[in-house]
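1. Only the shape, not the letters, is given here:
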């Protein structure tokens, strides 16, 4: 095997087919960038799940004087009812990790902070807000157990799970990820077809060389190697473009735009980008080589 | 060296076989002319020897190998033992004379030092010394065919197949090429040459195999081109 000879053939091939090479590089770049963004969205969802599920609580809101649900027919919650709820929560350990009782005053303080810019603050009094137990679960997915235990019990107005709200948000992100993934897969198919076509043209434009190679007894591998290397090199350059794009997305869209605007949540770190980049290179090069190999098997037959 | 046993070749799109029930043997070191009109089966014969086609029926043996049992990945090894020359030279126009010949060695993985040693030798043999750095389009037809012969012979093949090598050349130049082929034949290489050139066949007085519509109609040692001219 003569490396220098093979490499000069590869260089000639890439140059001779320059427009197609550029087309391959750009499509590989765009499709891999989309693919990378889809992976980044998935990493983002995971990051947010870790971040939020640590913080989510089940809130058991207790009846106050204004409550209208059936379980609050007995009026404001009594001390005995509260003691009972607390004891029951205690018995649910270890699922129940922590219980915190929020008084009406605390609820009011939080409320005015949360709605400080809204005129509603002026019309709310301390008595209007319910007392609540804030329950932290060791496994947030087992919310149902807590809900069924306290929902509808006298003195409990409502059991609320923050996770339900978060799930909806994650569904939205999951939807975005699915869309990005579908577009990425469509683009990857386009890329494969383009590579197939490019290889066909390359094989045709070099049929003289490959014909002579066959005639003098070059092995199939030796005949196909320059083509495969060309496809792999174009794909690697495309993957580099895609990685560059991903770095820009992380540096500008995530860190400069999203993170300052949504400070309440965590965003993907650079480690996600670092772990996605090799996937992009592998996917790109593997797809290119596979497409090239299958095409050449047909067009450079012994 | 080459053995055909009742070989029939029928191409899928045709009704008449390109070769029908052809049996013949070419011994090592022979010089054989393959003659016949266009479409008589000469090219099919040569393609079968190179295993570019497989026979529909019968068996082809080349250099001691049954080609029907030769797996595809071993075909390159077979072709390294067969040099091939065509009417249209088939040189690479963007490579020099030296590089064209070197190409045949490079693509089978010969080392740089081997290439540097063997190529000048072969170019000397075919009478192209001093023209190593010329491009093919700077050469005459006869010189281009010499480059092609050098490329076919550079691996020291056991068999040299020439498909109308003088078809594009004038008689004087053709004579030179024939002398060269004869010289190569004298090194022990079996030469099979398909041709339409009656003057050359008559002059050389070598074995003549004539095909007509796919049938072997004449196999004559020290033969001439044909009676029916």
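-> Sure, I can see it. Computed from a predicted structure; not experimentally measured.

2. which regions of chain B lie under the pLDDT threshold?
-> B:227-229 (pLDDT under 70).

3. which parts of it sit against chain A?
-> Counting by Cβ under 8 Å from any Cβ of the partner chain, chain B comes close to chain A at B:50, B:72-73, B:75-84, B:90, B:92, B:103-104, B:106-112, B:151-152, B:155. Just so you know, the C-beta spots here come from the backbone N, C-alpha and C atoms, and that holds for glycine as well.

4. Would you write a ChimeraX line that selects the buried entries of those?
-> In ChimeraX syntax, the buried subset of these is picked out as below (16 or more other Cβ atoms under 10 Å in any protein chain shown):
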select /B:50,75,76,78,79,80,81,82,83,84,90,92,103,104,106,107,108,110,151,152,155
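
5. Find the nearest non-adjacent residue to residue A:174, please.
-> residue A:45 (6.5 Å; Cβ to Cβ, 6 or more residues apart in numbering or on different chains).

6. The one you found is in contact with residue A:176, isn't it?
-> No: shown here, residue A:45 and residue A:176 do not form a contact pair, counting by Cβ atoms under 8 Å, at 9.2 Å.

7. Tell me what residue A:136 is bridged to.
-> Judged by DSSP bridges, the bridge partners of residue A:136 are residue A:98.

8. How about residue A:156?
-> residue A:62.

9. could you measure it against chain B, distance?
-> 77 Å (Cβ to the nearest Cβ, to the nearest Å).

10. just to revisit the earlier point, any idea how many residues pack against the residue nearest to residue A:174?
-> The local packing of residue A:45 (other Cβ atoms under 10 Å in any protein chain shown) involves 19 other residues.

11. Could you do the one 4 residues further on as well?
-> The burial count assigned to residue A:49 is 15, neighbours taken as other Cβ under 10 Å.

12. cool, the one 5 residues further on as well?
-> Residue A:54 is surrounded by 9 other residues when neighbours are defined as other Cβ under 10 Å.

13. doesn't the residue nearest to residue A:174 fall inside a helix?
-> Yes: counting by DSSP: H, G, I helix; E, B strand; the rest coil, residue A:45 is located in a helix.

14. mind listing what it touches?
-> Residues in contact with residue A:45 (Cβ atoms under 8 Å, 6 or more residues apart in numbering or on different chains) are A:170, A:173-174, A:177.

15. Tell me the one of those residues nearest chain B?
-> residue A:177 (44.9 Å; Cβ to the nearest Cβ).

16. Could you measure from the closest one over to residue A:42?
-> Going from residue A:177 to residue A:42 by Cβ to Cβ, to the nearest Å gives 5 Å.

17. From the contacts of residue A:45, which land in helices?
-> Here DSSP state H is the test, and the contacts of residue A:45 give A:170, A:173-174, A:177 as lying in helices.

18. hey, which helix is longest across chain B?
-> helix B:171-186.

19. so what does that one touch, helix or strand wise?
-> strand B:31-35, helix B:141-153, strand B:159-163, strand B:190-194, helix B:198-204 (3 or more Cβ pairs under 8 Å, 6 or more residues apart in numbering or on different chains; DSSP states H and E).

20. Not including adjacent chain positions, what is the nearest residue to the residue of the stretch 51-200 of chain A found nearest chain B?
-> With Cβ to the nearest Cβ as the measure, residue A:199 is the residue of the stretch 51-200 of chain A nearest to chain B, at 19.0 Å. Of all residues not flanking residue A:199 in the chain, residue A:295 sits nearest, at 4.1 Å (Cβ to Cβ, 6+ apart).

21. other SSEs contacting the helix or strand encompassing the one you found?
-> Here residue A:295 sits within helix A:270-299, counting by DSSP states H and E. Judged by 3+ Cβ pairs under 8 Å, 6+ apart, helix A:270-299 is in contact with helix A:18-53, helix A:162-205, helix A:220-248.

22. Dump these into a markdown table; add mean pLDDT as well.
-> Formatted as a markdown table, the helices and strands packed on helix A:270-299 follow (pLDDT from 0 to 100):
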| stretch | mean pLDDT |
| --- | --- |
| helix A:18-53 | 85 |
| helix A:162-205 | 83 |
| helix A:220-248 | 91 |
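
23. Of all those, which one is nearest residue B:59?
-> Closest of these to residue B:59 is helix A:220-248, at 24.4 Å (criterion: Cβ to Cβ).

24. what packs against the closest one?
-> By 3+ Cβ pairs under 8 Å, 6+ apart, helix A:220-248 packs against helix A:3-16, helix A:18-53, helix A:162-205, helix A:207-215, helix A:270-299.

25. For residue 35, list the residues it contacts.
-> The chain I'm using is chain A. Residue A:35 neighbours (Cβ under 8 Å, 6+ apart): A:181, A:184-185, A:187-188, A:242, A:280, A:283.

26. wrong chain, I was asking about chain B
-> B:42, B:194-196, B:201, B:208-211, B:225-226.

27. among the residues you listed, which ones are buried?
-> Applying 16+ other Cβ under 10 Å to the contacts of residue B:35 flags B:42, B:194-196, B:201, B:208-211, B:225-226 as buried.

28. That's all I had, so thanks and see you.
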